[in-house]
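1. only geometry, no sequence info:
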């Protein structure tokens, strides 16, 4: 395919952690041309002057974000702006019939009331909330294919829902018993100056934060409730790991009476049989974040502990990969009719 | 107190991680003189030639472990040998009326059958199992004071039991609902060559291990069951953190119907009112391993999540401090009639 | 000594990395009472609410810095403010006959012209520049004892001058050949929000910075030139290590014709015979930052490489210890007539 | 090119750090098929059972190394065995007319006497020493193209020679003045159990090792001397960084009288004009190991410090990339007539 035949993609907010990861992946994507990159902070600078690992890649310079400047220069937009910052622009793009994948939480919640509760402001484009498709690829391929606006899932929800939805769908667990203990690398937070994110604050430390009130909680509950057909509350406890990338979640549930390990195996098999990015662990194997680093893969293991009657599922993803840019490009591939795995099959650099 | 009045303490297995930490703490203990240090690996060498951070401290050289060589040269022995290695020596020392604190699991389980199940061999001195006192200081001070042999608790059990026993004792939780999600630094494993403990294997990684079958599980269950008065099974999931020291445990339980946050507060207050090493967090605070690094402190926070009906307790200790050498010396202080905190009140080096 | 007999010390700028380290050390100092702690950022808050590792230590709350509020409440001031911020306050304190140790570079350079060149502004109190004593303890004990104002050396200069001055004083090296290759942990930079100091930017990375133009270069040159009796230029290359604390410097020089390894040994012996904080390595030993972490110690090794005619000296310090707060308190001890090592003889927590 | 047309490559010693990195790179190489993988430790196991990041890649299982088992199953062999272990096998392969790239130091030194001095044994196949080509790609492309046996350069020599050879070739520096201060990640050491490589020993530490006597010194001296036409001695000081991958070297030299920064610029320009893997930094930029992580790139910066008359060159590579497997595959590409960059143009995952 000649260069002028490639789809022109703009990455808006391209100098954040998930934005520059999207640029890195798309830099070697066979069917995409990066036509516009915006960055408030670095507008006017060459990408490689700021992110030298991209030296040698043919990229447009960072520019200021102006919706009118985007017009006609991109067929597809990845918006990597934080919550509330890009909402109006996304709405305009959709009106202009430009397909958009939004990395923020702006279009993930379907209920404007919940949005206001969680984010403290009225949603500026509530009409789009029901139009947007929640981009958890493995469970919404058909809708993603038809979508004009995909709300890319949060990193924690991705790690949790890949574990939970197969079980919910087969009614194998007590939904009210779900406890999600998650541990994330530091790039889950924004690339913005903050004392609590300094190296000396995070290094050799480990702590929980936002216990029981993290903004990803309503997002998870919405998706679980939708699959279940009724409201459910979960307990989500995030922790901060002294690593750059990766989320490992240990998820505890009570199985329904009679649920066997075979039932669980069958549920995962059914959900992920065709999924090239989900690796179900063999008995005795356990997920590790190093095995999915800088990739779009997810590792999943499950164990039914008979002694305590608890079902444990452990998942590992890269928060910038399957938890952000990787899944976004997987969705882009589906929306544009490409092979779902195009540009995404690299092997994790281990060690 | 002149030097010849100090209690002569031997540290056996002094070149392991917990052994050398005991040496470090005792090096500035006001009432103790380190009279014998043994190390299979470094016998014959000066301590500071191997562990240069101890240069300038007046210490005997490492020597081979021979029970007859210990005789008459130490009033008190800290045995930091691994499971099964030091059992017979400890039994002989106790027979010789030398007080011993054993860091291994050898004398923690009171039931020889459980010992055989867990460690795969018959216990060589089963008669001592009931004589040994489980050295969880905050809950067994009276017995420790009278003990000749203290089984120093495991690091994970210490982190978990400080959270659980106050609640069990007041019957505030459903014991069958306990889930312990623990994350430990690498010095929880022995200072022994192993590929899986190499820097490049642990760094930038995070994983669970020995899920549901870690050897600390029966130890926790024994102590919880003893406090409860009946057998209970728990689910314990350890993870390996890329940090040198520290354990943070997030512990989930269902409260008994009617349990309030005030009840929980009162339970912790009652258990730890006189405990100088336990810090109960204020509302909004959460434990961090950096705050207890290289100390004997424990941080505890609790939250009753009304939405899901779950009680969460989070604890942080240093696995080599309160989880091993620190608690051992706290116990030594009690056994020898010293101030419980002697030599242990240093402030954590943060950052 | 009863509490009311202790010297009342104020730490100004106490919430930075070197400030809070001074607080940590002084918290267990036998002859000092911390009477005032200032912090622009945290004024009004209890210290332990911000730095919980200090919970349980009896400390005054952080307060705003106002010179008039200090008056009469402190006998001695440690100023941990950055360059230019505390200069005027320090000058006022000295006028008020309060002894001061200043952690910044404000009073290190004796030449106001050099100050202007390096820091871009006229010195506001140039008269104090010649009055201030450069607090490299091991070389200026006599002047420090008499000083009212000590300029505490920079971390890199401390690491380098402890290696160089013994050799310069005995004329063993070609001063024009000095190359200083230094590697520092991240707490060498201020505790202030900055993208380049975020965990994800520093972790798994290593780089040089400010090559040949770091502000510590004139400071080192001043002290070397003073010892030598004539001007000398050196090459200083700092690098940023992904560790929290520690500086290791490898320093290369051409020895004078005829200089032997014995001459070098004798020079270090002569300079440090009475120095309890300097450890000269035995043959085959090399400095490691872990061995001096959270202490005031310095490790030094030297090698004369006959093949290339190069003398190499390697030093390790903790940038917050001997490179900042440790050395400051060593100087405070001297100024106040205490044992030089009071409060400073803790053993590094290794591992 | 259909699969059956691909070159069949065996990786011998494939479970070490550089071996498994070669497998990772070749897994997505367009013209290569991995036909044999040997591992003493893991013989009989599937690769993905040990290195799960390679799950999903079609690979043969690990097998025992037996030269007769290799015969007829590989057209090309990458030998990743340590020094002395693979020497005889390599000699046999060459006799059998199988092209080999050897990762060890076995065929790097051209002089058997130097080999004996450095490695303590007589070389078992001294006749091959002069036949082997030193695989520093950018300087030996023509010989590599014709070679049957390439001795892949050491990681430290690669980092140093890319800085030095351009300057030596143009006679811009005093060769006797070369000082190489290198800092390496831990995968520079073998993937073998060793206490000194445990996480808790390396983490939060930094130290020099093998100062002036590292085995890479004669290798560097040989190549510099060959370029210069006469013997030269250099000083090489390696340090161990707490990172998994990466080498940054700061190299100091005295320029010849009259050497200008333009001369230096021209020298690098001439040496690397056609080199897609060498990035010369712009003024103000400095190399960082993160920018070359998991790639075959090398970053180079140079500064002529007028004040001290010193030329400083800083280089960054990935010790497993350009320092081992990356360069090996670059050489393989040349030997097999492929595009030199085939399979090697991935962008570093940053952060």
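-> Alright, I've got the coordinates. Keep in mind it's a predicted model, so treat the numbers as computed, not measured.
2. how is chain A divided into domains?
-> A:3-153+A:323-335, A:155-319 (automatic domain parsing).
3. where along the stretch 201-350 of chain A do the helices fall?
-> Ranges of helices in the stretch 201-350 of chain A, per DSSP state H, counting those that start in this stretch, are A:216-228, A:261-272, A:326-335.
4. what separates the residue in the stretch 101-250 of chain A that chain D sits nearest to from residue B:91, distance-wise?
-> Residue of the stretch 101-250 of chain A nearest chain D, by Cβ to the nearest Cβ: residue A:244 (5.0 Å). C-beta here means a position set from N, CA and C on the backbone, and glycine is covered the same way. According to Cβ to Cβ, to the nearest Å, residue A:244 and residue B:91 sit 49 Å apart.
5. select the longest helix from chain A.
-> Using DSSP state H, we find that the single longest helix of chain A is helix A:155-169.
6. for that one, the averaged confidence score.
-> Average pLDDT, helix A:155-169: 98.
7. that one - contacts with which helices or strands?
-> helix A:137-146, strand A:179-184, helix A:216-228, strand A:235-240, strand A:247-253, helix A:261-272, strand A:298-305, strand A:310-317 (3 or more Cβ pairs under 8 Å, 6 or more residues apart in numbering or on different chains; DSSP states H and E).
8. for chain C, find the nearest of those.
-> strand A:235-240 (9.2 Å).
9. counting contacts, what elements does that closest one pack onto?
-> Of the remaining helices and strands, those touching strand A:235-240 by 3+ Cβ pairs under 8 Å, 6+ apart are helix A:155-169, strand A:179-184, strand A:207-208, helix A:216-228, strand B:247-253, strand B:310-317.
10. what parts of chain A come near chain D?
-> A:17, A:20-21, A:24, A:27-28, A:49, A:51-57, A:187, A:203-204, A:244-245, A:276, A:279, A:285, A:288, A:290-295, A:299, A:345-351 (Cβ under 8 Å from any Cβ of the partner chain).
11. inside strands: which ones of these?
-> Secondary structure defined by DSSP state E assigns A:279, A:299 of the residues of chain A next to chain D to strands.
12. now list the buried members of the residues of chain A next to chain D.
-> By neighbour count, with 16 or more other Cβ atoms under 10 Å in any protein chain shown, the residues of chain A next to chain D hold A:17, A:20-21, A:24, A:27, A:51-55, A:57, A:187, A:203-204, A:244-245, A:279, A:285, A:288, A:290-295, A:299, A:345-351 as buried.
13. just so I know, which of the helices and strands packed on strand A:235-240 lies nearest residue C:62?
-> Residue C:62 lies closest, by Cβ to Cβ, to one member of the helices and strands packed on strand A:235-240: strand A:207-208, at 22.1 Å.
14. re earlier: right, so the helices of the stretch 201-350 of chain A: which one is the most enclosed?
-> Most buried of the helices of the stretch 201-350 of chain A, by mean neighbour count (mean count of other Cβ atoms under 10 Å in any protein chain shown): helix A:326-335, with a mean of 26.
15. among the residues of chain A next to chain D, which are in reach of chain C?
-> Among those, the ones lying near chain C by Cβ under 8 Å from any Cβ are A:17, A:187, A:203-204, A:244.
16. tell me which two in those residues are the farthest apart.
-> In terms of Cβ to Cβ, those reach their longest pairwise distance at A:17 and A:204, which sit 21.8 Å apart.
17. returning to that earlier point: can I get the ones next to chain C among the residues of chain A next to chain D in CSV including pLDDT and distance to chain B?
-> Listed next are those as CSV, based on pLDDT from 0 to 100; distance: Cβ to the nearest Cβ, whole Å:
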residue, pLDDT, distance to chain B
A:17, 98, 15
A:187, 98, 12
A:203, 98, 8
A:204, 98, 5
A:244, 98, 7
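18. residue of chain A with the smallest distance to chain C?
-> Residue nearest to chain C within chain A (Cβ to the nearest Cβ): residue A:193, separated by 3.6 Å.
19. right, and that residue touches residue C:193 too?
-> Yes: with contact defined as Cβ atoms under 8 Å, residue A:193 reaches residue C:193; the gap is 3.6 Å.
20. do a quick rundown of the helices in the stretch 51-200 of chain A.
-> A:67-70, A:87-95, A:112-119, A:127-131, A:137-146, A:155-169, A:199-202.
21. nearest to residue B:130, out of these?
-> helix A:155-169 (43.9 Å).
22. okay, buried residues for that closest one please.
-> So, applying 16+ other Cβ under 10 Å, buried residues of helix A:155-169: A:155-168.
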